[in-house]
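Asks: Mind looking at a prediction? Sequence and model below.
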Amino acid sequence: QVQVAESGGGLVQAGGSLRLSCIASGRIFDHYAVGWFRHGPGKERTFVAGIRGTTTSHADSVRGRFTISRDYDKNTVYLQMNSLKTEDTALYSCAVGEFGGFLETITTYKSWGQGTQVTVSS
């Protein structure tokens, strides 16, 4: 089973940008789902963005500001985050699902990273 690890989190001012990386321990095949979820203080884990092959999905709250992309030669999926808001503050986790399922559904994903903290200050 592919393992993943996140990097790229940090402290940024509102309006700024960050790029998160999700690095897999093995090859990410086109049929794999790779997703980003976030878990804010006192909130449930929610879907942010996902990719399978060339198909992508973004949550309404981030569409137009965040973009998920891949570089499978590097076994890496990125989350480019622009125009960050204080409400984007959360622990961001990457996950991989090797079988079917909707990108937006948490049960699609079986292997999770430890997460990387993103803090947006006002």
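Replies: Yep, it's here.
Asks: Need the pLDDT of the spatially most central residue of the chain.
Replies: In the chain, the residue lying closest to the centroid (Cα atoms, centre = their mean) is Trp36, at 2.3 Å. At Trp36, the predicted lDDT confidence score is 98.
Asks: residue ranges of the strands in this structure, please?
Replies: Listed in chain order, the strands of the chain (DSSP state E) span 4-7, 10-13, 18-24, 33-39, 45-52, 55-58, 66-71, 76-81, 90-97, 111-112, 116-121.
Asks: CA atoms of the third one as CSV?
Replies: Provided in CSV are the C-alpha atoms of strand 18-24 (Å, rounded to 0.1, in the frame of the first residue of the first chain):
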residue,chain,number,x,y,z
LEU,A,18,1.4,28.4,0.0
ARG,A,19,2.0,25.2,-2.0
LEU,A,20,1.6,21.9,-0.2
SER,A,21,3.2,18.7,-1.5
CYS,A,22,2.0,15.2,-1.0
ILE,A,23,4.8,12.7,-1.7
ALA,A,24,4.0,9.1,-2.2
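Asks: what distance separates that strand from the centre of its chain?
Replies: Offset of strand 18-24 from its chain centre (Cα atoms, centre = their mean, to the nearest Å): 8 Å.
Asks: And that strand, what does it pack against?
Replies: Where contact means 3 or more Cβ pairs under 8 Å, 6 or more residues apart in numbering; DSSP states H and E, strand 18-24 is packed against strand 4-7, strand 33-39, strand 76-81, strand 90-97, strand 116-121. C-beta here means a position set from N, CA and C on the backbone, and glycine is covered the same way.
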